[in-house]
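> Whatever this is, show me its structure:
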Amino acid sequence: MSQSSTPGPQKKPSGQPPQVPQQQVRTAPQGKKPARQTQGPKKVAPAAPAGTKPTAGSNAPKGKKNTKGLVRPAPKAKVRRAKLVLAKIDLWSVLKISFLLSVAFGVVTVVAGVVLWTVMDLTGIFDEVNALIGTILGTEGGGQTIQELVSLSQVASVSTIIAVVNVVLITLLSILAALIYNISASLVGGVGVTLTDD
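Got it, this is the predicted structure:
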């Protein structure tokens, strides 16, 4: 039989230490810095939804402070005052105003007289007064009544006359009072008036 030609494992001499394979160390070429290790992808904060305000301290710059509560209210406007002197009154304006007011007062006088007479007649006050007067004088049912002495037409006519007289008197007295005031204001000064925009 022929023996195989493959040699068996060779035995190392016993006096020498085992050889350790040296690792090859790669050195960076001169003039170039070693590349930095790349970090992973940066995390981006999600965008806030529309209509929401950013919270204080989240994305606000460090150099700016929140001055929301430090705003001073606007000062209140001062009330302006103006001192005026009524030195003269226009007589024509006094005539118009006094005539208009006196006419209104005359109409009220006539209407009030007619309404008062009608109410007294409807409520029977005239009849009771007539009966009382007849009992006192002893002329029950035979004398004149109040309706005959003071009729509605007489009341209306008398009220109208009084109203016309009042219109004339009030108008003349108003003009006279304004004239007297103008004369006195020219001598000693008019009435002081203070106006404000309050």
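
> Against which helices or strands is the helix or strand of the chain with the lowest mean pLDDT packed?
Least confident helix or strand, the chain: helix 146-149 with a mean of 78, by mean pLDDT, DSSP states H and E. Helix 146-149 sits against helix 125-137, with contacts defined as 3 or more Cβ pairs under 8 Å, 6 or more residues apart in numbering; DSSP states H and E. C-beta coordinates here come from the backbone N, C-alpha and C atoms, glycine included.

> all strands for the chain, in order.
81-86, 191-196 (DSSP state E).

> ok, the first one: who's next to it in the sheet?
Strand 81-86 has these partner strands in its sheet, going by DSSP bridges: strand 191-196 (antiparallel).

> Name the residues that touch the strand it pairs with?
Strand 191-196 is contacted by residues 79-86, 185 when judged by Cβ atoms under 8 Å, 6 or more residues apart in numbering.

> and if you look at stretch 156-163?
Here stretch 156-163 has contacts from 105-107, 109-110, 112-114, using Cβ under 8 Å, 6+ apart.

> Out of those, which end up buried?
For the contacts of stretch 156-163, a burial check counting by 16 or more other Cβ atoms under 10 Å picks out 106, 109-110, 113.

> Output these as TSV; include the columns pLDDT and distance to Met120.
As requested, the buried ones among the contacts of stretch 156-163 are exported to TSV (pLDDT from 0 to 100; distance: Cβ to Cβ, whole Å):
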residue	pLDDT	distance to Met120
Gly106	94	22
Thr109	94	17
Val110	94	16
Gly113	93	11
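
> Tell me, how many residues neighbour Arg80?
Residues lying near Arg80 (other Cβ atoms under 10 Å) number 9.

> Good, wrapping up.
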